[in-house]
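J.: sequence and predicted structure, then a few things I'm wondering about:
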Amino acid sequence: MISKRFFGRTPSGEDVYIYDIENSKIKLSVMEFGAAVISLYAPDREGGACDIVCGYDDLDSYIEGDGYQGAVVGRWANRINKGKFTLDGVEYSLYCNNGENHLHGGKTGFSHRVWKSEITGECSVRFSYLSPDGEEEYPGNLSVCVEYVLSDDKISLKYSAQSDKNTIINLTNHTYFNLSGFDSGKVFDHELKVRAHSYLPTDEGLIPTGEIRSVENTPFDFRVPKTIGRDFDLSNRDLMLAGGYDHCLVFEDTEKSEPEIEVYEKKSGRGMRVYTNQPCVHFYTGNFLVNKKYPFKGNYPQSPQNAFCLETEIMPDSMNHEGFTNPVLKAGERYERETSFEFYVK
């Protein structure tokens with residue numbers, strides 16, 4: 001079942017609508033601004049449901065606040081060193097909105113655009129956006145779509161894109177999860193398993209150094225389930241530079257029929273399995289959730305480590321490192337990625 005409702009109007013006069021997508025198990029709300037997830041109700045072991053994603057009560061907070069709450073980010077998710085890359089012999093200089101680096105699409109990325117929308121099924125909605133050649137200094141007219149599909153206990157995000165010029169692309173969703181409820185405090189007791197054999201160390205600006213390092217004997221080893229908080233305070237250079245987890249984990253090259261990620265919160269009994277055809281996940285523990293001016297829904301204050309993101313994507317700054325994932329979408333070729341979140345209780 002799907003219903004549509006008005007949410008607000010942007011300063012430029014664009015109306016923004018919310019779609020509530022609901023079945024017998026899950027209620028998901030997504031909006032046209034940023035093609036963003038704004039609420040997600042999933043059951044606990046007692047059969048009760050609560051909202052397990054962060055977000056704001058009003059459109060102005062999504063426009064003016066920070067953190068990319070629930071949004072689809074692009075053209076390039078994550079960071080690009082000094083906003084520079086070379087493609088087909090041409091150097092491009094992007095807007096640097098994260099210190100001296102480019103982050104999540106620049107000054108006005110996909111997270112802050114109003115997407116067109118259409119209902120595509122009983123429990124599915126597609127958002128589309130045409131990013132013109134030169135927007136944020138990226139090359140090519142890029143047509144991009146993201147479809148949210150709710151089926152039983154699973155939410156699937158299906159991404160597709162096509163460009164008329166060679167360009168770079170890296171799309172992901174930036175939802176902040178707390179499986180005990182977005183307003184329930186720290187996520188340190190969540191158990192996390194990630195089928196990742198390596199991670200990317202970074203410099204002080206959280207740009208990958210170029211090394212692909214084994215997770216063996218590091219805080220980034222989640223191959224056996226452990227709580228997010230278990231190794232959080234270890235004296236580790238990478239953790240200290242980021243103020244917590246804010247790192248790309250590289251999946252093992254194995255069959256994709258298994259979930260790449262699993263999270264479990266024992267108090268509520270909620271669990272979440274993540275399936276994806278992306279090669280990596282950027283695991284982020286909300287270390288910069290500090291903006292007191294923009295509290296979350298119900299006036300709940302922002303606080304570091306009160307939520308986590310699982311940003312399935314390719315490697316950050318790929319275009320500037322040999323041996324990293326291929327960032328190029330060639331003219332006329334089709335970009336297709338999918339990530340699914342499956343919920344369970346035990």
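T.: The structure has been received and is ready for your questions. Residues are numbered from 1 along each chain as shown.

J.: rest of the way, CA atoms for contacts and neighbours
T.: OK.

J.: the biggest strand by length in the chain pairs with which strands?
T.: Longest strand of the chain, by residue count under DSSP state E: strand 334-345. In the sheet, strand 334-345 lines up against strand 154-163 (antiparallel), strand 270-276 (antiparallel) (DSSP bridges).

J.: mind putting those in CSV, mean neighbour count and distance to residue 7 included?
T.: Shown next, in CSV, are the strands paired with strand 334-345 (neighbours: other C-alpha atoms under 10 Å; distance: least, C-alpha to C-alpha, whole Å):
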stretch, mean neighbour count, distance to residue 7
strand 154-163, 20, 22
strand 270-276, 21, 28
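
J.: next, the buried residues of the longest strand of the chain.
T.: Neighbour-count burial for strand 334-345, with 16 or more other C-alpha atoms under 10 Å as criterion, is recorded at 335-345.

J.: so residue 193 is in which element?
T.: Following DSSP states H and E, one finds residue 193 within strand 191-194.

J.: one step back: can you redo the strands paired with strand 334-345 as JSON lines with distance to residue 187?
T.: Formatted as JSON lines, these follow (distance: least, C-alpha to C-alpha, whole Å):
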{"stretch": "strand 154-163", "distance to residue 187": "22"}
{"stretch": "strand 270-276", "distance to residue 187": "13"}
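
J.: which residue packs closest to residue 17, ignoring adjacent ones?
T.: Closest residue to residue 17 in three dimensions, ignoring its sequence neighbours and counting by C-alpha to C-alpha, 6 or more residues apart in numbering: residue 6, at 4.5 Å.

J.: should've said residue 59
T.: Spatial nearest neighbour of residue 59, chain neighbours left out: residue 8 (5.8 Å); criterion: C-alpha to C-alpha, 6+ apart.

J.: ok, residue 262 next?
T.: residue 273 (4.4 Å).

J.: thinking again about what came up before, contacts for the strand holding residue 193, please.
T.: Strand 191-194 is contacted by residues 221-228, 251, 260-265 when judged by C-alpha atoms under 8 Å, 6 or more residues apart in numbering.

J.: what about this protein, any weak spots by pLDDT?
T.: Along the chain, the parts satisfying pLDDT under 70 run over 254-256.

J.: could you point out the helix or strand that follows whatever helix or strand residue 86 lives in?
T.: If you go by DSSP H and E, residue 86 is part of strand 84-87. Counting by DSSP H and E, the next helix or strand C-terminal to strand 84-87 is strand 90-93.

J.: could you identify the helix or strand that succeeds that following strand?
T.: Counting by DSSP H and E, what follows strand 90-93 is strand 102-103.

J.: packing partners of that next one?
T.: Secondary-structure packing of strand 102-103 (3 or more C-alpha pairs under 8 Å, 6 or more residues apart in numbering; DSSP states H and E): strand 79-80.

J.: parallel or antiparallel, list what pairs with the strand it packs on.
T.: Counting by DSSP bridges, strand 79-80 is paired with strand 102-103 (antiparallel).

J.: what sits up against the partner strand?
T.: Residues from elsewhere that reach strand 102-103 (C-alpha under 8 Å, 6+ apart): 76-83, 94-97.

J.: in stretch 23-43, what's buried?
T.: For stretch 23-43, by 16+ other C-alpha under 10 Å, it's 25-43.

J.: typo on my end, it should be stretch 142-149
T.: Those would be 142, 144-149, for stretch 142-149 by 16+ other C-alpha under 10 Å.

J.: which of those residues sits closest to residue 328?
T.: residue 142 (12.6 Å; C-alpha to C-alpha).

J.: who are the contact partners of the nearest residue to the closest one once chain neighbours are set aside?
T.: Distance criterion C-alpha to C-alpha, 6+ apart; nearest residue to residue 142, sequence neighbours excluded, is residue 163 at 4.4 Å. With contact set as C-alpha under 8 Å, 6+ apart, residue 163 has these partners: 140-143, 329-333.

J.: residue 179 versus residue 163, what's the distance?
T.: Distance of residue 163 to residue 179, given as C-alpha to C-alpha, to the nearest Å: 37 Å.
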